[in-house]
Structure formats: C-alpha cells, structure tokens
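# predicted model, plus sequence, below.
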Amino acid sequence: MTTLLLRSGTLLDVDTGECGEGDLLCADGRIVETGRGLRAPDGARVVDLADATVLPGLIDAHVHVTAATADLGALPSWSPSYATAHAARIMGGMLDRGFTTVRDASGADFGLADAQSEGLIRGPRLAFCGKALSQTGGHGDSRPRGTRVHDGHQCCAGLGRIADGVDAVRAAARDELRKGAHHIKVMAGGGVASPTDRIDSTQYSMDELHAIVQEAEAANRYVAAHAYTARSVSRSLRAGIRSIEHGNLIDESNVAEFLEHDAFLVPTLVTYWALKTEGREFGLPEDSWRKVDEVLGAGLAALETADRGGVKIAYGTDLLGGMHRHQNEEFRIRSEVQKPLDVIRSATSTAAELLGMSGEIGTLREGARADLVVVDGDPLTDVAALADPERIRHVVQGGEIV
C-alpha cells in the first residue's frame, strides 16, 4: 500500500480541541506517526499542506445510499442492478465531500458493503442495517391505502420490511443480523415519507420493541429507532434502544432519559430544509411534502435542548434523491446553536463511538485508520470550511488520496 506523508498541516485533535502544526505519516492504511519534521520513508508520496487543516475523515451516521429518489414507495419496483448503479454514484459523491465512513439507516445491504470494501465501487466505508423493521401501516410501510400486497423479497430495493408481533419481529431482526447487519433499525414513530401514518403516532408495542433490542444485544449489536416526538423517543429509550434518529420534537423530559440510558441522538436537520425547498422536484409525494412543516421548525430547538443537556449527538443528514449534494450543509445549520468543535466531534469522535469504532476512525491518533480530510482554513473558527465541499483540498481513505 502507498506510504503517504502529509507535511506542515494544522492537525486537529478532536478529543482535546487542540490544533498544532505538524506532519502526519500514513502506512499500510494506518496513521503511524505525527509530529514535526518527520522523515519521508523511501518511496513515500509527500504532500505539502501549508495553510490547511487536517481532520479525521468525516462520518455521517444517518444516510440512505440507495435512496436515489424521494419517492421511497417507488424503490421496491426498481431493478436491484439499477438501484445499485445509483447507490454507487451516491456513495462516490459522499466520499468526494469528505465522508469516509457512513452508517446506512436502511436500504443498503452486505452486497454494497462488500463491493466498497473490495474496491469495486468507490465510496465511504458502509455500516449497514439492511431493511428497517416496521409495523403494518408504519413508517417503513410504503403501500398506499388501496394496496394490500407487500413484496418483501430480499432482491427488492426499498428501505423497510413489515413485521407484526413479538415472534415476527424477532425473526425479522434475526434475519437482518444473519445477513451481517451492523445494527438494527426500527420505526418507532410516524414519518414524513410514509403514506398512511401520522408524525405524532407511536409505533410497535413495548413488548415488540423489547424483543428487537434483545435480539440485537444477543448478537452484540444495537438498535436505532426512527422517532420524532417526546413520547416515541421516551418509549424507545425505555426499551433499551441506543440511537434515536431525528428527534425533532423532543423536550426537556427526554434529556434525562438519554443520559440515563447512555443513548445517542442523531438529528438530521438538513433533510427537512431540502425536502421543503426541493422535495417535490425529486419525487416527494405531495401528501408527504405537506408533513414536512410539522418537524422543520422544531429540529433546531430540539438540537439546542439536547446539546445544552449534555446528550451525545452524532452527525446525520438523511438526504434523498438529488438532495444528497447538500450533505455538508448540516455543519452550517448546526453551527447556529452549537460550537464548531462540537459539530466537528459529532461527525468524527462521537459518531465513531456510536458505530463502536472509537480509536479506529474519527481520530488522528497513531494506530487509527488513515481516513482524513484536509480543508482550507480553520474549521474551529469558520465551520463553513466543512460546509462548503469546494474548500476540501484532499480526502484520504485507508492512507491513499482518493
């Protein structure tokens, strides 16, 4: 593998928040040394980084790499090969924007993860959950009211699978784990893109939620839950769910529950802004577009509440269709209520902890994977250095400039 020496950059230690000029040496896909005046090994590629900042590779903890349209109900009718071609393009764009690892929150499978790891497609490392578990009529049930049959065959594209009852959800969770799921996703409340539920609904009984968590924990995995309201978030946390996706309508009562259960919040604020301005252009049905307002305005206040209360917050975007290009805009939106360093941590060290990869990614420490982003300027004083992909000078993945 390539030996790479990045010379004279400003290295950001996301754990301490300290910056210092230095060199960074990568070999065999790992960070092997940092410091001043490092010697370049024979045959090493040397890149000068004057006036640039080096950060760990970015991590987006909520993406859908197969969601090439905002009309999620149309995906199951797509050819798997067609969906894969779109996913390859979407993943390549994510890598170009500095995201070297992503957590797919339903839709991607072991095939895409294997293709990326083997170099068949370029893109971020992929932590996938397979298909999200949904009750009948839940956020993962894309059938309109007049459709009875649901085709849940593995070959079909789409983000959700329907399972009702404790025995059925156990079997569904075990099946996704059998296929290599990094985590299990469950729809625990209503959503924007689903045609027959309400945003303020709770979904799945507590017995069903407990059963799903038990199956994940038995496999040393965890559960992430789609949930907006304070009530659906509270039920999820009490059931042992580790990661709350969105959480736009949480309140102060949820903060203590997050802390008690050592759980994570993954806001996805940029997607509501994008859906409101561009959603219909990229396939979002009119009925779903009208739902966006119910969560759009509340998301920033929820983020501020969670941040002030000390909740662990990871970076997520949840973009669909042609809106994936706005992935970095989440940095700018969050900076309205969070300090730049906290936003950066959400996309590096905190996200790595959520994925169970602390020390492997999300850090510049020696021994970590050499996934790096080099940006012009100082993101600690100007988070636009990360919000604007044009200011990304280099993306390094596995020790190679990609």
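It's in.

# okay, CA-based contacts and neighbour counts for the rest of this
OK.

# contacts only, for Asp23.
Shown in contact with Asp23 (Cα atoms under 8 Å, 6 or more residues apart in numbering): 5-9, 11, 34-38.

# could you pull up phi and psi at it?
The phi/psi pair for Asp23 (degrees, to the nearest 10) reads phi -110, psi 160.

# what's near enough to touch the closest residue to it other than its chain neighbours?
Once flanking residues are discounted, Asp23 sits nearest to Arg7: 4.4 Å by Cα to Cα, 6 or more residues apart in numbering. Listed by Cα under 8 Å, 6+ apart, the contact set of Arg7 reads 22-24, 46-50.

# please redo it, this time with the cut-off set to 10 Å
Shown in contact with Arg7 (Cα atoms under 10 Å, 6 or more residues apart in numbering): 21-25, 34-40, 46-50.

# same question, Asp13
19-20, 54-56, 345, 349, 362-365.

# are any of the residues you listed buried, and if so which?
Neighbour counting by 16 or more other Cα atoms under 10 Å classes 19, 54-56, 345, 349, 362-365 among the contacts of Asp13 as buried.

# from Arg198, how far off is Asp60?
27 Å (Cα to Cα, to the nearest Å).

# looking at the two, which is more packed in?
Under the criterion of other Cα atoms under 10 Å, the comparison of Asp60 against Arg198 puts Asp60 first, with 28 against 16.

# mind listing the helices for the stretch 201-350 of the chain?
206-218, 230-238, 252-261, 269-278, 286-291, 293-296, 298-308, 329-334, 340-346, 349-354 (DSSP state H, counting those that start in this stretch).

# in CSV: these, plus mean pLDDT and distance to Ser79.
Formatted as CSV, these follow (pLDDT from 0 to 100; distance: least, Cα to Cα, whole Å):
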stretch, mean pLDDT, distance to Ser79
helix 206-218, 98, 30
helix 230-238, 98, 34
helix 252-261, 97, 40
helix 269-278, 90, 25
helix 286-291, 81, 24
helix 293-296, 79, 32
helix 298-308, 95, 35
helix 329-334, 95, 31
helix 340-346, 97, 35
helix 349-354, 98, 32
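
# for Leu319, find the nearest of these.
The closest of the helices of the stretch 201-350 of the chain to Leu319 is helix 269-278. By Cα to Cα, the value is 5.1 Å.

# export that closest one to CSV, keeping only CA atoms.
Output of helix 269-278 as CSV, limited to C-alpha atoms (Å, rounded to 0.1, in the frame of the first residue of the first chain):
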residue,chain,number,x,y,z
LEU,A,269,-31.8,18.9,10.1
VAL,A,270,-30.7,19.4,6.6
THR,A,271,-33.1,17.0,5.1
TYR,A,272,-36.2,19.0,6.1
TRP,A,273,-34.8,22.1,4.7
ALA,A,274,-34.0,20.3,1.5
LEU,A,275,-37.4,18.5,1.3
LYS,A,276,-39.2,21.7,1.8
THR,A,277,-37.3,23.5,-1.0
GLU,A,278,-36.7,20.7,-3.4
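
# other SSEs contacting it?
If you count contacts as 3 or more Cα pairs under 10 Å, 6 or more residues apart in numbering; DSSP states H and E, helix 269-278 packs onto strand 243-249, helix 286-291, helix 293-296, helix 298-308, helix 329-334.

# quick one: closest of these to Phe128.
That would be strand 243-249 among the helices and strands packed on helix 269-278, by Cα to Cα, at 14.2 Å.

# mean confidence (pLDDT) on that closest one, please.
Averaging the model's pLDDT scores along strand 243-249 yields 96.

# so who does Val54 touch?
Going by Cα under 10 Å, 6+ apart, Val54 touches 6, 8-13, 19, 21-24, 364, 372-379, 393-395.

# please tell me how far Val374 sits from Val186.
From Val374 to Val186 the distance is 36 Å (Cα to Cα).

# got it, and Ala68?
Distance, Ala68 to Val186, using Cα to Cα: 21 Å.

# ok, now Gly321?
Distance from Gly321 to Val186, by Cα to Cα: 22 Å.
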